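Q: got a predicted structure plus its sequence, pasted below:
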Amino acid sequence: CQRMPRGRKEPRAHAGDAHAAAATAAAEQEHEAPGVALWPSAVLMFALHMAVFGATAYPSTPGGDSPEMIAVAHELGVPHPPGYPTFSLLAKLAMIVLPWGSIAWRVNILCVAFAAVAGALLFASVALLTASRAAGVAAVAFFSFSRLTWMYSVSAEVFALNNMFIAALLLATAVFSRRPTLGNACIGALLSGLAMTNQHTAILYIVVIAPWVLSCSPDLRTPSALVKIGLCFAVGCLPYFYLPLSAYTNTARLTWGDQRTVPGILKHVLRQEYGTFSLAKSDTVTPTTFWQALQIHAKSFSAETMYVSLPLIATGLWFRSKREGRSTSIRGVLVVMLAFYLVFFNSRANLDISNPLLAGVQERFWMQPNMVLCLLAGLGFAALELRASGSLKPVLKAAAIALLAIQIGANYNERDESANTAVRDMGYSLLQGLPENSILLVLGDLPGNAARYAQTCDGIRPDVRVIDLEMMTFDWYLPMLAWTFPNVTFPGRVPVYRFGQDHFDMKKFFDANIDTFDIFVFEHLNEQDSSWKADYELRHYGLAWKIVRKGTPVRCADWARDAGAAIPTFISPDPAKYDRRTWEHVVFEGNQGAAVFLAMFLEETARKPGTGLPERISCYQEAAKIYHDLFERTPAYARADYWHKNYGVTAYELLSLTQESKWARLAIDSWTAYIQSGAKDPQIPDIERVIAQMRATLSS
């Protein structure tokens, strides 16, 4: 920061660097009033972001936390810890103000606007620090239009808002470095408070910026100045009053936690149910090591910025720091911020990111350090500009625009979600296939969030009681939300899903409700609770499993009719576009397996001892119908190789039971397709031998 308000000292040029010094002086003279000159360009950058991200935004709810965030904001409840009050209030405002589109689309567009502001502010920060619009364009190309940032710029998640707040903090820091006044310090404090009401990782930058700000002038360390700065930070934190207000009224059908007391507020804000500054409960995961996480992040960032950013960062840190002398303190602050974030976050991020889905969860938090890295890359681009000859300067400006165009072009198709309704379709299918007034027990983010969004925002099957198995283990869950599950019995003196005489386990819950409700589970029950297994069993039903008393007889035709009607018929997302890091891939796998699991259940029923011949034939015939319909409606890219094998087995069993030649032909065709798929299966020689025998029989 500049500590001498009376006069501005020109930076000293190193010996032999007269050309660079002259270029610097000319550039600074050209941008003597950067605030006036930069904002039209920043507005254009905002418009570009809105156009690109708006065209590629999800039309409905994405996966992950998005359905929860949208549905809870719709109900004015409290989302999962730490509460995200600013996001919830702004999302509710967007639902009211925007007069068209689905509820989810309105919040998605709000996040597009957050991302657009973030991009414009990042551009302004770089341009202000370097007096180079081209450097700002390069930084935006690297950050905003990378695969990762784009993914979270078109969906209803808190990360676009966090990017906006971090970009605003960076700009405020850049402005303060030029004019270290109390007013600018107060603006930074206000932004810091607001950032803390959204994503707590902002504190990892704030604890570095704040001491640097106070060190810039003794006038900022007076009691009066400290009180003013502290009050501005407190004003920024005011949205947190939303949490106890929502909990006190308790009218939201969806909410998390009980914030009616100070301990309840602290438990939620500090994420004590997850582990403060952790991503998961420490006893549930084996995390990736610190150095492995850093290496994976570095490889990802380098690849997403076309392997150009890291050399530019090194260039900016070396040449700019040698040239600018005292005013390089802001670069020191940026480096310390970045280092502190990477060390602290990767020490606490306790996920196993060798699991692709968990890697997708953790990489969301890479955007915050990525923004600083891209800002530093912008400084490196400006360093090249300063040292370029006159004829090369236009080439570098064109290169910055080319970087922007290349990034947009390279990622547009992959990040175009304008036709992606996979998570919405899954939520609809999960609910619509169930009998009236059922209980649906869910475990995990995707099924519960998708179903609750469908119910609260789109009005799909509100009669189904969607109960979260994990949340039932929390003391606050039933006191806050039992009223939303009419006529459901939660046994025990203290109704919490927990082992012990005063609580209830799954057997007690099933015993209390099985005669009143049809009970379904998606995807599975708590593995540690086996209390129910002696008296109940799971039978596949559409996307879910139905709880029935053990030994209940099955009539295959009836079960296939009812459970088959619950099989999803929407088109699965293309796995070539959505890899295992995405929720769309989870939807793809669930949709892919739903019909097959039902067919396998019918086949298992046919093989049970005591099943009569007519019922065995009926079970296999119903399974064959399921496979036939599955192949008819499923695009080739979404078909699994093993379907052909299973279909062939079913046809072969029917051949053995009925001696009808049509089943032989079907078995031959199915197994031949399986062999031609290239599957690595040690049973293929046996399958080929059986195929030869069936062909010989048919020919004779």
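A: That came through, no problem. Numbers count the residues shown, from 1 in each chain.
Q: now do the same for the residue of the chain positioned farthest from its centre: its pLDDT.
A: Within the chain, the residue lying farthest from the chain centre (Cα atoms, centre = their mean) is Ser700, at 59.7 Å. For Ser700, the model assigns a pLDDT of 79.
Q: and it, how far is that from Thr473?
A: Separation of Ser700 from Thr473 (Cβ to Cβ, to the nearest Å) stands at 64 Å. For glycine as for every other residue, the C-beta is placed from the backbone atoms N, C-alpha and C.
Q: also Leu666?
A: With Cβ to Cβ as the criterion, Leu666 and Thr473 are 48 Å apart.
Q: neighbour-wise, which of those two wins?
A: Set Leu666 next to Thr473 and count neighbours by other Cβ atoms under 10 Å: Leu666 wins out with 21 against 14.
Q: give me the helix or strand of the protein that scores worst on average pLDDT.
A: Lowest on mean pLDDT, DSSP states H and E among the helices and strands of the chain sits helix 321-324, with a mean of 42.
Q: now the helix or strand that contains Ala595: buried residues?
A: Here Ala595 sits within helix 583-607, counting by DSSP states H and E. Under the neighbour-count criterion of 16 or more other Cβ atoms under 10 Å, helix 583-607 has 583-588, 590-592, 594-603, 605-606 buried.
Q: which residues does Arg221 contact?
A: Going by Cβ atoms under 8 Å, 6 or more residues apart in numbering, Arg221 touches Leu214.
Q: same deal with Leu266?
A: With Cβ under 8 Å, 6+ apart, Leu266 has these contacts: Gln272.
Q: and it, how close does it get to Leu698?
A: Leu266 is 75 Å from Leu698, by Cβ to Cβ.
Q: how about Phe520, secondary structure?
A: Under DSSP: H, G, I helix; E, B strand; the rest coil, the three-state class of Phe520 is strand.
Q: His540 is in contact with that one, correct?
A: No - taking Cβ atoms under 8 Å as the definition, Phe520 is not a contact partner of His540, at 10.4 Å.
Q: now do the shared contacts for those two.
A: Contacts common to Phe520 and His540, judged by Cβ under 8 Å, 6+ apart, are Lys546.
Q: and the helices in the stretch 1-150 of the chain?
A: 18-30, 34-56, 66-75, 85-97, 103-130, 133-143, 147-151 (DSSP state H, counting those that start in this stretch).
Q: tell me which of those helices sits most buried.
A: helix 133-143 (a mean of 28; mean count of other Cβ atoms under 10 Å).
Q: give me the contacts around that helix.
A: 38, 41, 45, 119, 122-127, 130, 149, 305, 308-309, 312, 370-371, 373-375, 377-379, 381-382, 385, 396-397, 399-401, 403-404, 406-407.
Q: do the same with stretch 508-523
A: The contact list for stretch 508-523, computed with Cβ under 8 Å, 6+ apart, reads 430, 434-435, 437-444, 447, 465, 487-492, 497, 504, 531-532, 535-536, 538, 541, 543-547, 549, 590.
Q: drop anything exposed from those.
A: Those of these that meet the buried threshold are 430, 434, 438-443, 447, 465, 488, 490, 492, 497, 504, 531-532, 536, 538, 541, 543-547, 590, by 16+ other Cβ under 10 Å.
Q: strands - which of these land there?
A: Ile439, Leu440, Leu441, Val442, Arg465, Tyr536, Leu538, Tyr541, Ala544, Trp545, Lys546, Ile547 (DSSP state E).
Q: from Pro479, how far out is the fourth one?
A: To tie it back to what came earlier, the one meant is Val442. 20 Å.
Q: and the fifth one, by the same measure?
A: If you measure Arg465 against Pro479 using Cβ to Cβ, the figure is 17 Å.
Q: what of the third one?
A: Distance of Leu441 to Pro479, given as Cβ to Cβ: 19 Å.
Q: ok, now the second one?
A: From Leu440 over to Pro479 the distance is 21 Å, taken as Cβ to Cβ.
Q: what's the answer for the first one, then?
A: With distances taken as Cβ to Cβ, Ile439 is found 19 Å from Pro479.
Q: related to what we said a few turns ago, tilt between the helix or strand following the least confident helix or strand of the chain and helix 103-130?
A: Sequence order places helix 329-348 as the next helix or strand after helix 321-324, per DSSP H and E. Here helix 329-348 points in a direction 140 degrees away from that of helix 103-130 (axes from the mean of the first three to the mean of the last three Cα atoms, to 10 degrees).
Q: check which helices and strands helix 329-348 sits against.
A: helix 158-178, helix 203-215, helix 290-304, helix 367-387 (3 or more Cβ pairs under 8 Å, 6 or more residues apart in numbering; DSSP states H and E).
Q: check which element follows the shortest one along the chain.
A: For helix 203-215, the following helix or strand on the C-terminal side (DSSP H and E) is helix 223-236.
Q: what's the offset of the following helix or strand past that next one from the middle of its chain?
A: Following helix 223-236 in sequence order, the next helix or strand is helix 242-249 (DSSP H and E). Here the centre of helix 242-249 is set off from its chain's centre by 26 Å, with Cα atoms, centre = their mean, to the nearest Å.
Q: residue ranges with poor pLDDT in the stretch 201-350 of the chain?
A: In the predicted model, the stretch 201-350 of the chain carries pLDDT under 70 at residues 275-277, 279-285, 320-328.
Q: can you do 80?
A: For the stretch 201-350 of the chain, the stretches flagged by pLDDT under 80 are 274-287, 319-329, 350.
Q: and for the chain?
A: 1-37, 274-287, 319-329, 350, 357, 700.
Q: please repeat the previous calculation with a cut-off of 70.
A: In the chain (pLDDT under 70), the answer is 1-36, 275-277, 279-285, 320-328.
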